[in-house]
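> Any chance you can model this:
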Amino acid sequence: MPDIIITTPDGAGIAAEMSPIVAQSRALTVTDTDSHAAALTAIKALKGAEKRIELYFEPSRQALDAAKKEVLKARDGLIAPLTEARYVVDYKAMMFEAEQQRIALEQERVLREQARKEEEDRIVAEAVFAESEGDTQAAEAILSAPVVIATVSVAPAVAEVAGVSTTTRWSAEVTDKMALIKYVAAHPEWASLLDANAPNLNRLAVSVKSALSIPGVKAVSTVSRTVRS
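Below is the predicted model of the structure:
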């Protein structure tokens, strides 16, 4: 791109030329028809002076706009292939991350099922032992207690690079409104889930993420990338 030369107009010369009319206009007082006519004449002169200054600077302004367009065109021409390449590799990385997330969630599910089975087997063994000891009441209490398993979390096998971060935002999407209404009717404590714009559904999705399990509702995640150079 050739060198860009912009000629700066001589503002000092114009300022010196316009100073008298500015000073005279500021000093005017309007008290009668003659001074009123002088004020209107001054307004006309000031407007004409503004127009003269605009015309005086116009060639430089046009040259500056043209130069700006050239600079931006050169800049954007260099950035465009980089942006396109970044989008391509970002898509590939997102696809890999999504697959690793799917694998991690499946591993979590398997581990939860395994943990639940082990806990249920332990409860049954304790109940059988209590029954063998003749403590039927304790055996019944053991069997009726809720099954509690530890939280299972598996991190996706993805890389971490300083300055590059991924944010996942969760929200709830109502896929079957009648199913949700029936669920709330059977569980009045969840009446707030029917509020307009579903703020409580969205908060629930943010809290439990993919574990959201309400009839007629599904959790939706949106992934965005932030890069700091």
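> which parts of stretch 166-180 are buried?
Buried positions in stretch 166-180, judged by neighbour count with 16 or more other CB atoms under 10 Å: 170, 172, 174, 180. All C-beta spots, glycine's among them, are computed from the backbone N, C-alpha and C.
> which among these gets closest to V208?
Nearest to V208 among the buried residues of stretch 166-180: W170, at 8.5 Å, using CB to CB.
> Would you check that that closest one makes contact with A211?
No. Between W170 and A211 there is no contact, the gap being 10.5 Å when judged by CB atoms under 8 Å.
> tell me, what's touching these two both at once?
Common contact partners of W170 and A211 (CB atoms under 8 Å, 6 or more residues apart in numbering): A219.
> picking up where we left off before, from the buried residues of stretch 166-180, which land in helices?
L180 (DSSP state H).
> Redo the buried residues of stretch 166-180 as JSON lines? Include pLDDT and distance to A219.
Compiled in JSON lines, the buried residues of stretch 166-180 are given as follows (pLDDT from 0 to 100; distance: CB to CB, whole Å):
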{"residue": "W170", "pLDDT": "88", "distance to A219": "6"}
{"residue": "A172", "pLDDT": "90", "distance to A219": "6"}
{"residue": "V174", "pLDDT": "90", "distance to A219": "12"}
{"residue": "L180", "pLDDT": "89", "distance to A219": "14"}
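> Relative to I149, which of the buried residues of stretch 166-180 is nearest.
W170 (23.1 Å).
> any idea how far P81 is from the closest residue to the closest one other than its chain neighbours?
Nearest residue to W170, sequence neighbours excluded (CB to CB, 6 or more residues apart in numbering): A205, at 4.5 Å. Distance from A205 to P81, counting by CB to CB, to the nearest Å: 38 Å.
> The helix or strand hosting E118 - what's its average pLDDT?
Per DSSP states H and E, E118 falls inside helix 33-132. What helix 33-132 shows for mean pLDDT is 92.
> need the next SSE after that helix, C-terminal direction.
Per DSSP H and E, the helix or strand that comes after helix 33-132 is helix 136-144.
> Stretch 61-74: how far from the chain's middle?
33 Å (CA atoms, centre = their mean, to the nearest Å).
> CA-only coordinates of it in PDB, if you can.
Extracted in PDB, the C-alpha atoms of stretch 61-74 (Å, rounded to 0.1, in the frame of the first residue of the first chain):
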ATOM      1  CA  ARG A  61     -11.700  15.400   5.000                       C
ATOM      2  CA  GLN A  62     -12.300  13.600   1.700                       C
ATOM      3  CA  ALA A  63      -8.700  12.600   1.500                       C
ATOM      4  CA  LEU A  64      -8.700  11.400   5.100                       C
ATOM      5  CA  ASP A  65     -11.900   9.300   4.500                       C
ATOM      6  CA  ALA A  66     -10.300   7.800   1.400                       C
ATOM      7  CA  ALA A  67      -7.100   7.000   3.300                       C
ATOM      8  CA  LYS A  68      -9.100   5.500   6.100                       C
ATOM      9  CA  LYS A  69     -10.900   3.200   3.700                       C
ATOM     10  CA  GLU A  70      -7.600   2.100   2.200                       C
ATOM     11  CA  VAL A  71      -6.100   1.400   5.600                       C
ATOM     12  CA  LEU A  72      -9.200  -0.600   6.800                       C
ATOM     13  CA  LYS A  73      -9.300  -2.500   3.500                       C
ATOM     14  CA  ALA A  74      -5.700  -3.500   3.800                       C
END
